[in-house]
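A.B. asks: Give me a model of this one.
(chains A and B)
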2 protein chains.
Amino acid sequence: MAEDKKFVEAITSMDVDFAQWYTDVVKKAELMGYSSVKGCMIFKPAGYAIWENIKAELDKRFKETGVENVYMPMFIPESLLQREKDHVEGFAPEVAWVTYGGLNPLQERMCVRPTSETLFCDFYKDEIQSYRDLPKVYNQWCSVVRWEKETRPFLRSREFLWQEGHTAHATAEEAEARTQQMLNLYADFCEDFLAIPVVRGRKTDKEKFAGAEATYTIEALMHDGKALQSGTSHNFGDGFAKAFGIQYTDKDNKLKYVHQTSWGMTTRLIGALIMVHGDDSGLVLPPRVAPVQVDIIPVMQKKAGVLEKAAEVKEKLIKAGLRVKVDDSDKNPGWKFSEQEMRGIPVRIEMGPRDIEANQAVIVRRDTREKTVVSIDELDVKVKEILDTMQVEMLERARKHRDTHTYVATDYEEFKQTVANKPGFVKAMWCGNEECENKIKEDTTATSRCMPFNQEKLSDVCVCCGKPATKMVYWGKAY
Amino acid sequence: MAEDKKFVEAITSMDVDFAQWYTDVVKKAELMGYSSVKGCMIFKPAGYAIWENIKAELDKRFKETGVENVYMPMFIPESLLQREKDHVEGFAPEVAWVTYGGLNPLQERMCVRPTSETLFCDFYKDEIQSYRDLPKVYNQWCSVVRWEKETRPFLRSREFLWQEGHTAHATAEEAEARTQQMLNLYADFCEDFLAIPVVRGRKTDKEKFAGAEATYTIEALMHDGKALQSGTSHNFGDGFAKAFGIQYTDKDNKLKYVHQTSWGMTTRLIGALIMVHGDDSGLVLPPRVAPVQVDIIPVMQKKAGVLEKAAEVKEKLIKAGLRVKVDDSDKNPGWKFSEQEMRGIPVRIEMGPRDIEANQAVIVRRDTREKTVVSIDELDVKVKEILDTMQVEMLERARKHRDTHTYVATDYEEFKQTVANKPGFVKAMWCGNEECENKIKEDTTATSRCMPFNQEKLSDVCVCCGKPATKMVYWGKAY
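C.D. replies: Residues are numbered from 1 along each chain as shown, chains lettered A, B, ... in the order given. The predicted structure follows:
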């Protein structure tokens, strides 16, 4: 059968060719498809459903902190994009330009938003008059466009989905507090929900966002030892407020500039899920984010009572709050097992006539393949226990991988050798000078990932130039 | 106080100037804002929250019928848009064209999607090979762009939010069944959730979607007697399949074309909510779609115990599954009442020190202003009862308005007089000829809204030309 054939060819092993393994998983787990629009991708149902779960959970967490959702236009007039100098320099070279509306050339061309700071500023300048109008804590869910030359599914594409929060505050302190609050929310979300441990820290000036005073980041380590920037939060100070004239009358009746922040997470998190948890059988989804958590696979399903029992178990598990499907297609069980593994469904339940007669079923964990035989009466309780355990252990396993792939280098030779031979993070001291960052990038292709909040003093001097060190930095090759 | 001032000026009365009343409500209920991108609007929190509720409910209903969500690129290469002749003729004059990516001109220009039939077809042609791959029942939530000359908040703007379902089926019968299923789902949704009664029917060929064999529509009547097309569902037959080469191998091993449908609902539903239910005090939201259902307004809130009791009641109502806020701002209660009315929050609860002493509170319905004094112990039960009643009565009231503004005309003089003097629907017989539609539009500005599923025989002849009639049609002026 044509449909079954796709599971005959095994996917590339991750140790043989990680990049090919990644592409194979994306394709065979049916997460995305290529479109005839170069550099743009299609989110297929299995991929989009992961994003829907990420979105629902993040949105709930945002709203608990007072965030309100809005929607701004997708176009930015060129003059608006140019208002803040650093910002336009950062983005103008990589935007898509709309020059015609219908049959007529536009008087002023517009870009498709690469990010919406300028639109929010333009909106806030009219919306904010008094201290009573503050804070504004708005967010939008949308897609953005950046005209990238090299693209990779989920990690880098010309259009991607994200959320972008944009806030305005009365004081610098409030803005800083919100910037850090959101960074910590992102980090907690990655760890609790995606089972992805992250390093929290600040970007160097070289790596910060165009127009920001400070950019905070969470950095995750993929299975191949490369870093993935997984969420960022920016404090703009009053730079944009001054460029756009966003002022309010304070309680003391004085006119003041607002302080602003922005923060975003994107569909590249799906790439992180694949590369942190996947294995040679395909995707492995942490239970909390998995669109389907339980795949019930009947064995000898044509025997009387098997499909009925499977349907009954499904109802029972749905009542227990789980996301469940029964695979009653006409493929053989072996195919179904491979398919469930490829798609990363956290557990499967195998049940055939003899199991049913004995009032039992077999639960198989996707990550460890551990099998548990349980009474059908206890299935709901047991499956929940196993999913909870799996969620915790997946985070622990990823953390262990991260920690055993985090190295320390105190001199430059050691640093270069480590980057060259040991995929992972390298912790090393830095003088604070951009020239050393540039040299390191040139010599090793590693970049500064962040200056972690948890600083350690590994030595007194910069690993590169030997001058006095000011910061401990995580370095690494990055996606 | 500046903040309170906005409620000093009353809004325009709907009977004096309906268009101005509409704009006033949109602005003062803070549903939207104008942007510096001409023809594009900003969804403010109160407006976007309504869309979030519409989206959540529709999405749930979609998924119950087997719909899966996906996301396609926002760009369409010009050659792809041109593949289906009628479709490109319908849309090409009103799209926005991207001609530059970064600093470089594109080899082929792309439009920002005005609708995504062509992208889905391009995707399906590779995705569908066998009868086993069918049906595909995909949907996406996104924004689309149409370069309109005249725009109005929610009703017509250059960018709007919507969902677009795109399905592919093995047979013509299945495609027709899905087209009608979604139209009925839309109609039920409008009636149950938005309390907006609709006429279900089919569009004439003149009014159908570019490229469709048949377009079904639901038509709602606004307070001013104008019609609003509120959702459409299209059967494409195999026209797109032939243009794009979407074929599958059937069980009989023959190569066949798929049959396709598409269906969409947009943010103009928010315009419908305003114009069906609003009154001279502002918006009136049906309880099921209202982002906030209950506004607790403390009276003499500085007195000991008042805010505490309000908070306690809030918690109790939230536990009962309601969406509740307490307005503890420093405005006076009169302002707060006006604000709650302007925003259309379905009920408010007034409670002051004397009420609390008597263990009671006053519930005021937004639509009828009916006041009910109830024991605080029974508040949760009573508020739920009142909200349920309100939801039902709002639909009944809108239906009565619709029915009393639906007229019959059996000769052309009567038809013209009715359209000129009696805002509403006019039911009249039609010969099926586009020339009569054109003449009616020219003479009266009314258009054919739909050929309702519930046909009546009002006379034997076309109201316009007097030739034998084939259909009874709803006519009306439309937004």
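A.B. asks: Contact partners for A:Asp133?
C.D. replies: A:Glu127, A:Tyr248 (C-beta atoms under 8 Å, 6 or more residues apart in numbering or on different chains). The C-beta positions use only the backbone N, C-alpha and C, and glycine is treated the same way.
A.B. asks: Tell me the confidence at it?
C.D. replies: Per-residue pLDDT puts A:Asp133 at 96.
A.B. asks: ditto for A:Ala92
C.D. replies: 84.
A.B. asks: That one belongs to a helix, doesn't it?
C.D. replies: Yes: assessed with DSSP: H, G, I helix; E, B strand; the rest coil, A:Ala92 lies in a helix.
A.B. asks: Could you report the neighbour count for it?
C.D. replies: Using other C-beta atoms under 10 Å in any protein chain shown, A:Ala92 has 17 other residues around it.
A.B. asks: which non-adjacent residue is nearest it?
C.D. replies: Of all residues not flanking A:Ala92 in the chain, A:Leu81 sits nearest, at 6.6 Å (C-beta to C-beta, 6 or more residues apart in numbering or on different chains).
A.B. asks: quick one: that neighbour from chain B, how far?
C.D. replies: 12 Å (C-beta to the nearest C-beta, to the nearest Å).
A.B. asks: where's that residue relative to A:Thr23, distance?
C.D. replies: With the distance defined as C-beta to C-beta, to the nearest Å, A:Leu81 ends up 34 Å from A:Thr23.
A.B. asks: Looking at these two, which is more packed in?
C.D. replies: Using other C-beta under 10 Å, the more surrounded residue of A:Leu81 and A:Thr23 is A:Leu81, with 20 against 15.
A.B. asks: Next up, the contacts around the residue of the stretch 351-479 of chain A found nearest chain B.
C.D. replies: In the stretch 351-479 of chain A, the residue that lies nearest chain B is A:Tyr479 (21.1 Å; C-beta to the nearest C-beta). For A:Tyr479, the contacting residues are A:Arg152, A:Leu155, A:Arg156, A:Met222, A:Lys226, A:Ala227, A:Leu228, A:Gln229, A:Arg268, A:Gly271, by C-beta under 8 Å, 6+ apart.
A.B. asks: what does the stretch 151-300 of chain A have sitting close to chain B?
C.D. replies: A:Arg158, A:Glu159, A:Leu161 (C-beta under 8 Å from any C-beta of the partner chain).
A.B. asks: can you rerun that using 10 Å?
C.D. replies: A:Ser157, A:Arg158, A:Glu159, A:Phe160, A:Leu161, A:Thr249, A:Thr267 (C-beta under 10 Å from any C-beta of the partner chain).
A.B. asks: Just give me the closest of the residues you listed to B:Arg354.
C.D. replies: In terms of C-beta to C-beta, no member of these lies closer to B:Arg354 than A:Thr249, at 37.7 Å.
A.B. asks: give me the number of residues near the nearest residue to the closest one once chain neighbours are set aside?
C.D. replies: Nearest residue to A:Thr249 in three dimensions, chain neighbours excluded: A:Ser130, at 5.2 Å (C-beta to C-beta, 6+ apart). A:Ser130: 13 surrounding residues under other C-beta under 10 Å.
A.B. asks: Let me know the pLDDT of A:Ser130.
C.D. replies: pLDDT, A:Ser130: 96.
A.B. asks: Would you agree it is in contact with A:Val258?
C.D. replies: No: contact criterion C-beta atoms under 10 Å: A:Ser130 and A:Val258 do not qualify, at 11.4 Å.
A.B. asks: Which neighbours do the two have in common?
C.D. replies: Residues touching both A:Ser130 and A:Val258 by C-beta atoms under 10 Å, 6 or more residues apart in numbering or on different chains: A:Tyr248.
A.B. asks: State the pair within the residues of the stretch 151-300 of chain A next to chain B that is farthest apart.
C.D. replies: Across these (C-beta to C-beta), the longest gap, 44.0 Å, separates A:Ser157 and A:Thr249.
A.B. asks: Show me what the helix ranked longest in chain A packs onto, helices and strands only.
C.D. replies: If you go by DSSP state H, chain A has its longest helix at helix A:379-404. Secondary-structure packing of helix A:379-404 (3 or more C-beta pairs under 10 Å, 6 or more residues apart in numbering or on different chains; DSSP states H and E): helix A:172-193, strand A:214-221, helix A:268-277, strand A:294-298, helix A:306-319, strand A:347-351, strand A:360-365, strand A:371-375.
A.B. asks: now the second one and helix A:379-404, what's the angle there?
C.D. replies: Taking axes from the mean of the first three to the mean of the last three C-alpha atoms, to 10 degrees, one finds strand A:214-221 and helix A:379-404 inclined to each other by 110 degrees.
A.B. asks: Alright, that wraps it up for me.
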